[in-house]
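Asker: coords below, sequence missing:
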């Protein structure tokens, strides 16, 4: 079975985010025969998990935001098994180290789903590092 690991960009997802594109897009891969794992911390009860019966959640400790990027790399370092797809939602700087580690140590693809809106388009400098490095490392980039 192929595996897709979806990383939360900023420690915990809230319950309502389970039914938004940040989780539903990776979850849709279960229909293609993938085992889908979501990496997030648990800050509140995630009651909507009942609507996503095939989703596996790897709960991270509830860390300060400053430690999240390093945690994602540690998660990948300690992952037992193959990861075919790494899913990242948004061009968050916390993904940079994890994407870099993944590309160096796994034989898989990185999927980046951008969520364009006027706010993000104005504040993200797509031509500078670390954003440019992350974009170059991705195998598939989608945007709405």
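Answerer: It's in. Predicted, not measured: the structure shown is a model, and the values here were computed from it. Numbers count the residues shown, from 1 in each chain.

Asker: low pLDDT regions in the protein?
Answerer: Applying pLDDT under 70 to the chain flags no residue at all.

Asker: quick one: the helices in it?
Answerer: 21-28, 68-78, 95-105, 118-123, 131-137 (DSSP state H).

Asker: so which of the ones you listed gets nearest residue 57?
Answerer: Closest approach to residue 57 among the helices of the chain (C-beta to C-beta): helix 21-28, 9.8 Å. All C-beta atoms are positioned from the backbone trio N, CA, C, and that covers glycine.

Asker: mind listing what's buried along that closest one?
Answerer: 22, 23, 25, 26, 27 (16 or more other C-beta atoms under 10 Å).

Asker: and the helices of the chain: which comes nearest residue 112?
Answerer: helix 131-137 (7.1 Å).

Asker: I figured residue 48 was touching residue 20, is that so?
Answerer: No. Contact criterion C-beta atoms under 8 Å: residue 48 and residue 20 do not qualify, at 10.0 Å.

Asker: give the contact list for residue 110.
Answerer: 85, 86, 88, 99, 102, 103, 137, 138, 139, 140 (C-beta atoms under 8 Å, 6 or more residues apart in numbering).

Asker: which of those residues are buried?
Answerer: Here, 16+ other C-beta under 10 Å leaves 85, 86, 88, 99, 102, 103, 137, 138 buried among the contacts of residue 110.

Asker: for these, which one is nearest residue 65?
Answerer: residue 88 (16.3 Å).

Asker: which residues does the closest one form beta bridges with?
Answerer: Beta-bridge pairing of residue 88 under DSSP bridges involves residue 7, residue 112.

Asker: any idea how far stretch 103-117 is from the chain center?
Answerer: Offset of stretch 103-117 from its chain centre (C-alpha atoms, centre = their mean, to the nearest Å): 8 Å.

Asker: so residue 96 sits right up against residue 133, yeah?
Answerer: Yes. Counting by C-beta under 8 Å, residue 96 touches residue 133, with 6.5 Å between them.

Asker: sorry, back to before: any chance of the contacts of residue 110 in TSV, plus distance to residue 72?
Answerer: Formatted as TSV, the contacts of residue 110 follow (distance: C-beta to C-beta, whole Å):
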residue	distance to residue 72
85	15
86	10
88	10
99	9
102	9
103	13
137	14
138	15
139	18
140	19
